[in-house]
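1. Structure of the sequence below:
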Amino acid sequence: MSRTPKPLVATALAALVFLAFARPCAGEPEAFSSPLSGLAQPRAGTARHEGSWDRRHMNDDALHLAAGEAVTLFSHEGPGCVHRFWVTIAPREDVAVLSRVILRMYWDGDSEPSVECPIGAFFGVGFGEQKDYVSMPMDETSGGYNCFWPMPFHKSARWTLTNGSGRRVDAFYYNIDYTALDSLPASTRHFHAQFRRENPTTPGRSYTILETRGEGHYVGTALFMAGRALYFLEGNEQVYIDGSSTPAIEGTGTEDYFCSGWYFDRGAYSAPYHGVVIKDTTRSRVSAYRWHIEDAIPFSRSIRFTIEHGTGNAETADYSSVAYYYLAGPSPAPQPLPADLMPSHLPPMEVTSVPGAIEAEALSAGAKATGGDFWIQDMGQWDYAQGWSGGKSIFWHVDSAGAELALPLARPAAGRFSLRARMVAGPVHGRVEFLQGGRRLGNPADLFAPAIAVREVDLGPVDLGTGAAPLVIRVVGKAAQSGGFDAGINALVVGAPEAQR
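-> Here you go, the predicted model:
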């Protein structure tokens with residue numbers, strides 16, 4: 001896996017150090033601030049600590065949880081604020097433990113938890129996996145899980161941990177650093193984290209990351225997506241605030257929401273406010289995070305944060321998520337945890353291999369177009385990938401009729417062979433004809449289709465071999481319902497020599 005957290009974090013830390021030491025002396029107006037700016041200022045309250053250290057001082061510094069056992073991790077009476085929560089767990093990287101051990105947090109005597117979440121997902125990584133990453137409020141590093149979201153409370157705090165994994169948790173080590181205070185401003189809000197899952201997603205309906213009522217602000221998303229192909233990343237986030245019937249915020253694509261691009265084509269990485277921790281192209285899985293620290297989303301009465309799973313919510317997938325937010329007042333009842341918390345194991349896409357095929361990537365090297373742009377498209381990112389020979393196609397974007405695309409037909413064995421063209425049809429595709437040496441081959445083909453699909457065209461006997469004239473695809477028009485003149489080709493399929501037919 002490719003990661004680049006160190007340079008990114010180093011850059012961020014260098015900037016913070018610069019701002020800290022460039023700060024004016026006391027008494028001068030402050031031009032800049034940073035997390036380090038106020039470290040020299042007095043701190044209110046009393047430093048406190050809770051954790052799993054061995055009260056007998058025998059170095060057994062962990063909790064040991066039998067299957068089904070629930071324990072209290074933290075209990076404090078009075079106002080305060082949690083600043084750091086650290087965990088490490090054995091067995092390490094156990095999918096059932098990370099997926100089915102449930103963390104709950106209660107503030108100010110509430111009967112409903114403000115946090116109810118599988119322990120692995122709470123720390124920002126999906127699928128019951130442990131993957132190192134570094135961000136500003138959360139990280140997983142060298143076997144440790146860290147949370148630095150501030151968690152204030154006015155009257156009391158109580159945290160519990162329930163082992164629903166069906167097996168013993170051999171060791172659960174944890175530390176909680178907090179400050180006991182005399183009071184907090186009345187407007188201070190409580191920290192919340194809500195886990196949701198939909199498996200499978202519902203056709204035509206966006207996946208809901210958070211839906212809640214009250215006054216608050218939204219500060220982060222960890223989203224875990226698994227499907228048959230990565231086309232689910234075409235979905236836009238849509239955020240409805242205070243009962244609005246249309247989105248107050250709508251994005252341009254899932255990887256765009258996570259501050260990246262092109263289906264995360266550079267692989268996994270972590271940055272202070274956003275990152276993709278898992279990108280598994282074989283199984284079409286993505287675990288990504290986005291922290292709204294600079295752009296928190298305020299709401300006065302309610303928020304519904306949704307995201308599409310593919311264009312028009314057409315892709316069937318397994319989505320789960322954690323929403324992080326702050327809310328005033330008592331905690332409303334959270335969305336019930338799903339009965340099934342274990343990650344799904346969808347079969348990977350299978351690449352189709354057509355006997356006798358000359359694949360698109362082999363054709364593109366010597367291809368020439370008189371108009372438009374063409375490129376090799378990896379079909380494996382889309383749900384219809386299994387129908388495409390070799391998993392790739394030439395996509396050709398054309399603005400008008402008359403453009404031609406010439407493809408080389410050189411083969412080691414010369415002669416006349418039967419030939420079929422596996423063409424790309426779709427909603428913005430035109431009509432084409434096929435020529436070789438000025439002679440028309442077969443019949444013109446209409447490439448319009450409601451969705452991207454393979455359309456085979458019989459070209460009849462064609463001269464192949466070194467020196468053979470190229471195959472020319474010419475755009476001659478389009479159907480009335482088509483949105484454009486595009487074309488494309490997946491492969492040419494060579495049949496038996498003409499003499500043997």
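
2. Going along the chain, name the strands of the stretch 301-450 of the chain.
-> Using DSSP state E, counting those that start in this stretch, the strands of the stretch 301-450 of the chain run over 302-307, 317-327, 357-359, 368-369, 373-378, 392-397, 404-407, 415-425, 431-436, 439-446.

3. of all the ones you listed, which lies closest to Gly460?
-> With distances scored as CB to CB, the stretch of these nearest to Gly460 is strand 439-446 (5.5 Å). Every residue, glycine included, has its C-beta placed from N, CA and C.

4. just to revisit the earlier point, need the strands of the stretch 301-450 of the chain in JSON lines (columns: distance to Trp107 and mean pLDDT).
-> Formatted as JSON lines, the strands of the stretch 301-450 of the chain follow (distance: least, CB to CB, whole Å; pLDDT from 0 to 100):
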{"stretch": "strand 302-307", "distance to Trp107": "19", "mean pLDDT": "98"}
{"stretch": "strand 317-327", "distance to Trp107": "10", "mean pLDDT": "97"}
{"stretch": "strand 357-359", "distance to Trp107": "59", "mean pLDDT": "89"}
{"stretch": "strand 368-369", "distance to Trp107": "63", "mean pLDDT": "96"}
{"stretch": "strand 373-378", "distance to Trp107": "48", "mean pLDDT": "91"}
{"stretch": "strand 392-397", "distance to Trp107": "53", "mean pLDDT": "94"}
{"stretch": "strand 404-407", "distance to Trp107": "64", "mean pLDDT": "96"}
{"stretch": "strand 415-425", "distance to Trp107": "56", "mean pLDDT": "91"}
{"stretch": "strand 431-436", "distance to Trp107": "65", "mean pLDDT": "96"}
{"stretch": "strand 439-446", "distance to Trp107": "63", "mean pLDDT": "94"}
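
5. Which one, of the ones you listed, ends up nearest to Asn175?
-> Closest to Asn175 of those, according to CB to CB: strand 317-327, at 20.6 Å.

6. Throw the strands of the stretch 301-450 of the chain into CSV and include distance to Phe122 and mean neighbour count, thanks.
-> Formatted as CSV, the strands of the stretch 301-450 of the chain follow (distance: least, CB to CB, whole Å; neighbours: other CB atoms under 10 Å):
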stretch, distance to Phe122, mean neighbour count
strand 302-307, 18, 22
strand 317-327, 6, 24
strand 357-359, 45, 21
strand 368-369, 52, 14
strand 373-378, 34, 15
strand 392-397, 40, 22
strand 404-407, 52, 21
strand 415-425, 44, 21
strand 431-436, 54, 21
strand 439-446, 53, 15
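
7. Rebuild those as a markdown table, extending it with distance to Val472.
-> What follows is the strands of the stretch 301-450 of the chain, written out as a markdown table (distance: least, CB to CB, whole Å):
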| stretch | distance to Val472 |
| --- | --- |
| strand 302-307 | 44 |
| strand 317-327 | 40 |
| strand 357-359 | 16 |
| strand 368-369 | 10 |
| strand 373-378 | 13 |
| strand 392-397 | 12 |
| strand 404-407 | 5 |
| strand 415-425 | 12 |
| strand 431-436 | 4 |
| strand 439-446 | 9 |
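
8. so which of those gets nearest Gly120?
-> Nearest to Gly120, of all those, is strand 317-327, at 10.1 Å by CB to CB.

9. Output the contacting helices and strands for that closest one.
-> Using 3 or more CB pairs under 8 Å, 6 or more residues apart in numbering; DSSP states H and E, the elements in contact with strand 317-327 are helix 119-122, strand 190-198, strand 207-213, strand 216-227.

10. CA atoms of it as PDB?
-> Provided in PDB are the C-alpha atoms of strand 317-327 (Å, rounded to 0.1, in the frame of the first residue of the first chain):
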ATOM      1  CA  ALA A 317     -22.900  -1.600  -2.400                       C
ATOM      2  CA  ASP A 318     -22.200  -2.100   1.300                       C
ATOM      3  CA  TYR A 319     -21.900   1.400   3.000                       C
ATOM      4  CA  SER A 320     -21.100   2.000   6.700                       C
ATOM      5  CA  SER A 321     -20.000   5.200   8.400                       C
ATOM      6  CA  VAL A 322     -19.300   7.200  11.500                       C
ATOM      7  CA  ALA A 323     -20.600  10.800  11.800                       C
ATOM      8  CA  TYR A 324     -18.900  13.100  14.300                       C
ATOM      9  CA  TYR A 325     -20.700  16.200  15.500                       C
ATOM     10  CA  TYR A 326     -21.500  18.400  18.500                       C
ATOM     11  CA  LEU A 327     -25.000  18.800  19.800                       C
END
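
11. What strands flank it, and is each parallel or antiparallel?
-> Strands that pair with strand 317-327, judged by DSSP bridges, come out as strand 190-198 (antiparallel), strand 216-227 (antiparallel).

12. Tell me who's in contact with Tyr173.
-> If a contact means CB atoms under 8 Å, 6 or more residues apart in numbering, then Tyr173 has Gly51, Ser52, Asp61, Ala62, Leu63, Val87, Thr88, Ile89 as its contacts.

13. Could I get the contacting residues of the last one?
-> Right, the one you point to is Ile89. Ile89 is in contact with Val97, Leu98, Val101, Ile119, Tyr145, Val169, Ala171, Phe172, Tyr173, counting by CB under 8 Å, 6+ apart.

14. Report the separation between Pro298 and Glu308.
-> Noted for Pro298: a distance of 23 Å to Glu308, by CB to CB, to the nearest Å.
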